[in-house]
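Enquirer: no FASTA, just this:
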């Protein structure tokens, strides 16, 4: 074994004095091993090996160098060979000069301690130390991180040397600290760290954030342009534009693409963080599904937001960590229970450290965390444990940072560290009255930044946040005194009693005897705090007359979110006389407000505002232009449409006529009250004969409306139109008949049209041509046939009807038509007798009454001699059992001997078992001794004998007939043998025996006919 290379490494720090020796040994030509020894200097060293088996020399050299470098990176320094004096270390960057007393004079004791620890680290890696050098009380990385948190500018020269050959964790901490305390020198060092390809990803990310902190605005803009250029093409141009909505759609499409790395784009987007990108980014952060990939991305964004003190993004992701459940232990590098607990603790730790440092960023970060929560995040109140261990859990118990911020000093809640939850304390129970004390963490910091409290009151949708912020804001009287009217109005309109009550208190202090400023009075009247609104009504009663000319004030009352305020506005306007100018201005404002309402939740407001508009207009026909009415009628809310209908009812019909399109918008509405308005208007438009005739086309159109109440309302108007102008009635009838024949009317409309034509419009039917009656009767629609029946009653005496037409009419769906056909048939027996083959077709009608009429009619009106064989067979061939029975009756009554063979053949072709049985009655009489006819009946024999579980009598008769005929002649015997052979192979055992017996009998009678089976003698067995 040959020693090729050896390195000795030494480590000295405090009481630690360690040695690490690495050997590169050749065990055979080209094959080497790497061994090492380590331990305290001067003691027996422990042995180890990096290569359990020899490897090629090149690979062993790589392992050797990697091991040496890893020890150097962890703080070891090169020494001499074992047992030899230590060689001097390689030159390093000069240590920074020691900090002078003057440099430390402006720092606090805590900051001086941190700087001394950093300076000690800069001189600790020396071979020969001074006696006053002590071991670090904590890890250097924690010192570096704390320096960054405290923004100690004096630490920069001590931090920069630490980047040399630093571990990834130390480099991460140094880069983060330099971003907060650095200067131009730090920018250069961070730039080298960012540009080095070997820099770990986590270090590169924090170096990027640090560079953004230290760079000027133009440099940051250049950097963002570079990031934008690297975005996916589908996001690049929308992100460069100014349309945030368009970018949001592009981002949604990118995330919905299903690509595994789709969420990775959020990191560069947060680096861009422009006004175009940020709204979509915030929305996605609230709803991005938790997967292994997205969890990693969110964690990177969380740390970046923590570093930037971006409270909005920090709070959103913190809220996700509170709400999302772990992904499961099967994904150890994802979002496990321990990871979730750590991140939840980290949120509060970040806030707590900022609060302890009294950082101005504390309020900004806390506001971001609190704004992420809403009332929807409340949990069910519950109780756990029993007896003395019973605990009460209020609605917000599971949110750690949220509770720490709001209730850290609360006498009613206490934290449980293990569960990261807050439970009720002592005798307090959920829902009880809150104490009149400040409960939040770091109250002095909130008082220093009251704008953060106002921000919470403005944007939060969470009741506990409003309770806290309104109570804390009362401790800032100077800030409250400087609030403008808009800010106080905002407080009054918040839907939380605590905030609205604070606004009411401020408003009460500012309103004078004339209730000025008026904008503040309006805000009190629109407040969510009911006592404030009641007081506002009393104040407004005092200055009632001065308010009537203020259309903006009245419109604000009429569009208030609370019904009592809107009711007050209606009472005020209805009980007052407004000038024409004030009325016009108020109505214009209210109509504009109505047209701006969109959602169904706005319906109560729309209804009340419409009442105020009508009250302002009064009973006079002063209405708005048709364009405004059209806008109201086409609005999505029915309540707004109703106002348009009411305005049309007030229209001066003697002046400009109401356009038909507007009237149709009313009467064809799906909203019943709106249709009622339209029908009232339609009646008004039809009061005189002239206006009625002008509505002919509209009435015709509405007569086929799909809405029943519209059709019902139009019927009397059409009756009046018919009486006023028969020619107009005839045109309406023609149009309705054409619509009826097209068969495209909605459900229920054909019956209505038929009733209308048979009722109010019946006089116009007399003028219709005869062909129209046949068109209606030939229609497959029962309602059209009903109208045809009415025409038939009117024109029946002059209509040309033949037997075929009468038979068809007897089968129609309308009873009146069938009865008319029956009467015609009774009156025209000679014509029917001449076309009896056609007439019996009505026996196949699907109506029982028509078939019953036919049975009676043919029995009583015709003799047996009238029925030919073809007619009889056609009746017996029916698929209806009652008609088949009637056919068999007719055959029995009208049978003629000479028709027997033909009748037998025709009956044998029928598939019905009843007819097949009836045909057996003719076998012996007409087929016996006739081989040709017997052969022609073979299909009939096979059908009868092949039936299973039915036709037993017919089968027995056929079997007996075949046996008799087979024994009689050889020709018939061969036919019978073939049929019986088929029967013996395909039917049940019971009938197979009969078939075999018949075949044996035929074979005995006709020896020339071979038997299709072998007869084996019975085997006789005797006992031994």
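Expert: Nice, thanks for sending it over. Remember, predicted model here, so these are calculated numbers, not experimental data. Residues are numbered from 1 along each chain as shown.
Enquirer: going forward, measure contacts between C-alpha atoms and count neighbours the same way
Expert: OK.
Enquirer: and residue 815, how far is that from residue 807?
Expert: 14 Å (CA to CA, to the nearest Å).
Enquirer: So between the two, which is more surrounded?
Expert: Higher neighbour count among residue 815 and residue 807: residue 807, with 24 against 18, using other CA atoms under 10 Å.
Enquirer: Which strand or helix spans that one?
Expert: Per DSSP states H and E: residue 807 is located in helix 803-810.
Enquirer: Which elements pack onto that helix?
Expert: Secondary-structure packing of helix 803-810 (3 or more CA pairs under 8 Å, 6 or more residues apart in numbering; DSSP states H and E): helix 815-827, helix 836-839.
Enquirer: Between the two ends of stretch 531-550, how far is it?
Expert: Distance across stretch 531-550, first residue to last, is 24 Å (CA to CA).
Enquirer: What is the distance between it and the centre of its chain?
Expert: Chain-centre distance of stretch 531-550: 46 Å, with CA atoms, centre = their mean, to the nearest Å.
Enquirer: just stretch 545-555 next, same as before
Expert: On CA atoms, centre = their mean, the centre of stretch 545-555 falls 45 Å from that of its chain.
Enquirer: Then residue 47 would be within a strand, right?
Expert: Yes - counting by DSSP: H, G, I helix; E, B strand; the rest coil, residue 47 falls inside a strand.
Enquirer: Tally up the residues packed near it, please.
Expert: Residue 47: 11 surrounding residues under other CA under 10 Å.
Enquirer: Please name the nearest non-neighbouring residue to it.
Expert: Spatial nearest neighbour of residue 47, excluding adjacent residues (CA to CA, 6 or more residues apart in numbering): residue 37 at 4.5 Å.
Enquirer: swap in residue 702?
Expert: Nearest to residue 702 is residue 711, by CA to CA, 6+ apart, at 6.4 Å.
Enquirer: And that neighbour, how far from residue 525?
Expert: To residue 525, residue 711 is 47 Å away according to CA to CA.
Enquirer: Over to residue 251?
Expert: 43 Å.
Enquirer: Among those two, which residue is more densely surrounded?
Expert: Taking neighbours as other CA under 10 Å, residue 251 and residue 525 compare with residue 525 leading, 30 against 24.
Enquirer: these two touch, right, residue 617 and residue 583?
Expert: Yes - applying CA atoms under 8 Å as the test, residue 617 and residue 583 come out as touching, 7.1 Å apart.
Enquirer: Now do the helices in the stretch 401-550 of the chain.
Expert: 443-448, 450-459, 463-473, 477-481, 485-493, 497-510, 518-525, 530-542, 544-547 (DSSP state H, counting those that start in this stretch).
Enquirer: hey, what's in contact with both of residue 617 and residue 583?
Expert: Counting by CA atoms under 8 Å, 6 or more residues apart in numbering, residue 617 and residue 583 have no common neighbour.
Enquirer: Check the model's average confidence along the lengthiest helix in the chain for me.
Expert: In the chain, taking DSSP state H as the definition, the longest helix is helix 337-356. In this model, helix 337-356 carries a mean pLDDT of 95.
Enquirer: contacts for that helix?
Expert: When contacts are defined by CA under 8 Å, 6+ apart, helix 337-356 is touched by residues 306, 318, 321-322, 325-329, 361-362, 365-366, 400-401, 404, 420, 442, 445.
Enquirer: Among those residues, which ones are in strands?
Expert: Using DSSP state E, no member of the contacts of helix 337-356 falls in strands.
Enquirer: Show me the residue at the heart of this structure, geometrically.
Expert: residue 287 (13.9 Å; CA atoms, centre = their mean).
Enquirer: Please list all residues in contact with that one.
Expert: Listed by CA under 8 Å, 6+ apart, residue 287 has no contact partners.
Enquirer: and if you look at residue 598?
Expert: Applying CA under 8 Å, 6+ apart, the residues near residue 598 are 636-637.
Enquirer: can you pull the pLDDT of it?
Expert: For residue 598, pLDDT reads 87.
Enquirer: Ok, residue 85 next?
Expert: 36.
Enquirer: One more: residue 985?
Expert: pLDDT, read off for residue 985, is 65.
Enquirer: same question, residue 321
Expert: 96.
Enquirer: do residue 119 as well
Expert: Note on residue 119: pLDDT of 80.
Enquirer: same question, residue 781
Expert: For residue 781, pLDDT reads 68.
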